[in-house]
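J.: Just to be clear, the model below is a prediction. Sequence and coordinates:
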Amino acid sequence: MLLTSDAIELASQKGFDLIKVAPGAKPPVCKMMDYGKYKYELAKKAKRVRQNSSAIETKELRLSVKIEDHDLQTKANKAKDFIKAGNNVKITLKFRGREMGHKELGYGVIDRFINFVGLDECNVSKKAKIEGRNMIAYIEPKRTI
């Protein structure tokens, strides 16, 4: 245990700064270090973390109740590409006019779409749900832990 004045003098002789690590402790705990270098290393570490992380985008595909199988397969192939790229996919099925009376057809179209995409590549993160005139479902890539 050193006096504060002695610790400051010792740190300046060695070319370091005296930094309080635990100022609330009795007596306060200090550390000798080059504060500029410490801040630089923290900034470098934060930049490296930002570069390695990637934001997950949500791509949207719009379907209709009367979509044919070939068109549905084409959209499913596009969804597979999005999932392979690591993006989430929002499936929006729009009801028009009297189609609102046949919501079970919408559930069937979304189920066929998910079967075309394949559950071995993705997970259904939010099941089909009606919001106004739209039915919305979300699928995401399977995450490896």
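T.: Sure, I can see it.

J.: Excluding chain neighbours, what is closest to the spatially most central residue of the chain?
T.: In the chain, the residue lying closest to the centroid (CA atoms, centre = their mean) is Ile56, at 4.7 Å. Among residues not flanking Ile56 along the chain, Asn88 sits closest, at 6.0 Å (CB to CB, 6 or more residues apart in numbering). (Each C-beta comes from the backbone N, C-alpha and C, glycine too.)

J.: Run a quick neighbour tally on the one you found.
T.: Using other CB atoms under 10 Å, Asn88 is surrounded by 19 other residues.

J.: Provide the strand pairings for the longest strand belonging to the chain, with the direction of each partner.
T.: As assigned by DSSP state E, the longest strand anywhere in the chain is strand 122-131. Strand 122-131 has the following strand partners under DSSP bridges: strand 134-141 (antiparallel).

J.: Could you list the buried residues of the partner strand?
T.: The neighbour-count check on strand 134-141 (16 or more other CB atoms under 10 Å) flags Met135, Ile136, Ala137, Tyr138, Ile139, Glu140, Pro141 as buried.

J.: Can you name the residues bridging to Pro141?
T.: Counting by DSSP bridges, Pro141 forms beta bridges with Cys122.

J.: Identify the residues contacting it.
T.: Residues near Pro141 by CB atoms under 8 Å, 6 or more residues apart in numbering: Ile83, Lys84, Gly86, Asn87, Asn88, Glu121, Cys122, Asn123.

J.: If we use 7 Å, what do you get?
T.: Ile83, Gly86, Glu121, Cys122 (CB atoms under 7 Å, 6 or more residues apart in numbering).

J.: just those residues: which has the poorest pLDDT?
T.: Lowest pLDDT among those: Glu121, with 81.

J.: and the residue nearest to that one when sequence neighbours are not counted, how many neighbours?
T.: Once flanking residues are discounted, Glu121 sits nearest to Ile83: 5.7 Å by CB to CB, 6+ apart. As a burial measure, Ile83 scores 21 neighbours (other CB under 10 Å).
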